[in-house]
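Peer 1: quick one, structure for this:
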Amino acid sequence: MISQLRFRWVNRLIVVVMITVSMFLSCEFISAAPMPPTFAPLVSKLTPAVVNINTEKHMRSRNSRGFDAPGRRGGHDPFEDFFGRFFDRNQSRSRQRPVKSLGS
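Peer 2: Now for the predicted structure:
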């Protein structure tokens with residue numbers, strides 16, 4: 001029984017060692033190219049590839065009244081009276097607003 005466990009352990013160890021050694025032997029050593037002293041040639045070469053995209057679109061937005069608060073169903077709402085002083089109640093339900101996007 002012990003010899004079978006030892007045999008399995010030794011076999012697994014041999015497989016792990018063989019895989020590890022083959023990984024180290026199969027890899028190639030790569031030397032990186034030297035870094036240029038300045039990036040100016042690279043920038044002048046790649047500058048035409050950089051673009052800037054701006055868009056503006058007018059979308060129709062709806063004013064939502066929000067959700068109904070508890071106890072507000074059909075009754076007098078003091079919040080609506082309070083905020084009605086600051087916001088025009090007679091605004092149209094839909095109005096246009098600009099939507100801008102930016103990309104590159």
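Peer 1: all helices for the protein, in order.
Peer 2: Here the chain has its helices, by DSSP state H, at 2-26, 40-46, 78-84.
Peer 1: and the longest one, what's buried?
Peer 2: Meaning helix 2-26. By neighbour count on 16 or more other Cβ atoms under 10 Å, the buried set for helix 2-26 is empty. To be clear about C-beta, it is placed using only N, CA and C from the backbone, and glycine gets the same treatment.
Peer 1: which helices and strands does that helix pack with?
Peer 2: Helix 2-26 sits against no helix or strand, with contacts defined as 3 or more Cβ pairs under 8 Å, 6 or more residues apart in numbering; DSSP states H and E.
Peer 1: how distant is that helix from the center of its chain?
Peer 2: Computed by Cα atoms, centre = their mean, to the nearest Å, the separation of helix 2-26 from the middle of its chain amounts to 44 Å.
Peer 1: in a markdown table, list the helices of the chain along with distance to K100 and mean pLDDT.
Peer 2: Output for those, formatted as a markdown table (distance: least, Cβ to Cβ, whole Å; pLDDT from 0 to 100):
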| stretch | distance to K100 | mean pLDDT |
| --- | --- | --- |
| helix 2-26 | 53 | 85 |
| helix 40-46 | 27 | 85 |
| helix 78-84 | 28 | 76 |
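Peer 1: right, I'll leave it there.
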